[in-house]
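Student: Everything below, folded, please.
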Amino acid sequence: MTQWRKSSHSGTSNNSDCVELAVFAEGVGVRDSKAPDAGHIVVARRGIGSLIDAIKAGRLGP
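Tutor: Next up is the predicted model:
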């Protein structure tokens, strides 16, 4: 069974915007914590740092 984790900074409210991460053999899985059944994407381990930096900088959307 895959173990998904979200940041301890995300809070416990169901209304908090957050992503969850999980380790897979092919990379790191990323999914929406409010819609876990909607699927996930897998990012290469070497690219996860760049993805996180882009999210923090607001370069990926609203």
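Student: Now tell me what touches stretch 42-60 from outside.
Tutor: 19, 21, 24, 26, 27, 28, 29, 30 (CB atoms under 8 Å, 6 or more residues apart in numbering). All C-beta atoms are positioned from the backbone trio N, CA, C, and that covers glycine.
Student: Which among the residues you listed count as buried?
Tutor: 19, 21, 27, 28, 29, 30 (16 or more other CB atoms under 10 Å).
Student: among those residues, which two are most distant?
Tutor: Pairwise distances across these peak at 14.5 Å for 19 and 27 (criterion: CB to CB).
Student: quick one on the thing from earlier: export the buried ones among the contacts of stretch 42-60 to CSV and tack on pLDDT?
Tutor: Formatted as CSV, the buried ones among the contacts of stretch 42-60 follow (pLDDT from 0 to 100):
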residue, pLDDT
19, 83
21, 93
27, 96
28, 95
29, 95
30, 92
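Student: Of those residues, which belong to helices?
Tutor: Using DSSP state H, no member of the buried ones among the contacts of stretch 42-60 sits in helices.
Student: tell me which residues of the helix or strand of the chain with the lowest mean pLDDT are tucked away?
Tutor: Ranking every helix and strand in the chain by mean pLDDT, DSSP states H and E puts helix 48-57 at the bottom, with a mean of 87. Across helix 48-57, burial judged by 16+ other CB under 10 Å covers residue 51.
Student: quick one, what contacts residue 2?
Tutor: Counting by CB under 8 Å, 6+ apart, residue 2 has contacts 22, 24, 29.
Student: Lovely, talk soon.
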